[in-house]
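> mind looking at a prediction? Sequence and model below.
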Amino acid sequence: MNTLNGALALFASALTGALVLALAIIRKERKDHSNNAERPTTSKGCRVAAIRLHPGQEVRAGILELACRENFEAGFVMTCVGSVTKARLRLAKATASNKSNEIRLFEGKHEILSLVGTVNGKDGSSHLHASLGDEFGNVVGGHVVGDMEVFTTAEIVLGECNSLKWTRPFDKATGFHELSVCERD
């Protein structure tokens, strides 16, 4: 029995050592890794801001205005409900080698079914996607370019990761400015 206990203790010690070494390597890779697409970064808290937009106001502009006023550097849309009379959306056709974005203006009353994305109020950047439903239940969606004019209301709640900031450097692989997550200084 002592031999078995000794072998288990040796195994546990070796496993612990291997885990410590693996964690050290991961920490070093996180430090050295400039493209953090595969590196999760966590925030040390969150704060929330909300706004109601009125008929005729533009949704993307309202989100950016709130993020700017609240000084959000790592903002995100928590929820948005309401309706719009029109919306300009970019459809998913563009690639790094094919820049032919199809941008469409959807006119008529639509319910905002979903609005998600990231926003930085300091530099005015955002990446927003919306799903909109028309009076027949048909759904359209895409990247929000603008012209999302409020019909009755848009109730928007933004959150911010307190210890992070978003930047959008150009990514040669995609041909777009893509999210980079950084820790705040």
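That came through fine.

> work out for me the element the nearest residue to residue 105 once chain neighbours are set aside sits within.
Computed as C-beta to C-beta, 6 or more residues apart in numbering, the closest residue to residue 105 that is not its neighbour in sequence is residue 88, at 5.0 Å. C-beta coordinates here come from the backbone N, C-alpha and C atoms, glycine included. Element membership for residue 88 (DSSP states H and E) is strand 75-90.

> please apply the same query to residue 67.
Residue 67 belongs to helix 59-69, assigned by DSSP H and E.

> returning to what we had before: just checking: what are the partner strands of the strand holding residue 88?
Strand 75-90 has its sheet partners listed here by DSSP bridges as strand 103-120 (antiparallel), strand 139-161 (antiparallel).

> next, the buried residues of that strand.
By neighbour count with 16 or more other C-beta atoms under 10 Å, strand 75-90 contains the buried residues 75-78, 80, 82-89.

> picking up where we left off before, what separates the helix holding residue 67 from the chain centre, distance-wise?
Centroid displacement of helix 59-69 relative to its chain, using C-alpha atoms, centre = their mean, to the nearest Å, is 15 Å.

> do stretch 176-184 as well
Taking C-alpha atoms, centre = their mean, one finds the center of stretch 176-184 at 10 Å from the center of the full chain.

> ditto for stretch 175-185
10 Å.

> let's see that stretch as PDB, backbone CA atoms only.
Provided in PDB are the C-alpha atoms of stretch 175-185 (Å, rounded to 0.1, in the frame of the first residue of the first chain):
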ATOM      1  CA  GLY A 175      -9.900  43.700 -45.200                       C
ATOM      2  CA  PHE A 176     -11.700  45.400 -42.300                       C
ATOM      3  CA  HIS A 177     -10.900  47.200 -39.100                       C
ATOM      4  CA  GLU A 178     -11.500  44.500 -36.500                       C
ATOM      5  CA  LEU A 179     -11.800  44.400 -32.700                       C
ATOM      6  CA  SER A 180      -8.700  44.300 -30.600                       C
ATOM      7  CA  VAL A 181      -9.200  43.900 -26.800                       C
ATOM      8  CA  CYS A 182      -6.700  45.600 -24.600                       C
ATOM      9  CA  GLU A 183      -6.300  46.200 -20.900                       C
ATOM     10  CA  ARG A 184      -6.500  49.800 -19.800                       C
ATOM     11  CA  ASP A 185      -3.400  51.500 -18.500                       C
END
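
> same question for that stretch, mean pLDDT?
If you average the pLDDT over stretch 175-185, you get 89.

> pull out the buried positions in it.
179, 181.

> same check on stretch 159-173?
159, 160, 161, 164, 165, 166, 167, 168.

> gap between the first one and residue 78?
For residue 159, the distance to residue 78 (C-beta to C-beta, to the nearest Å) stands at 5 Å.

> do the last one as well
Counting by C-beta to C-beta, the gap between residue 168 and residue 78 amounts to 20 Å.

> over to the fifth one?
Counting by C-beta to C-beta, the separation of residue 165 from residue 78 is 18 Å.
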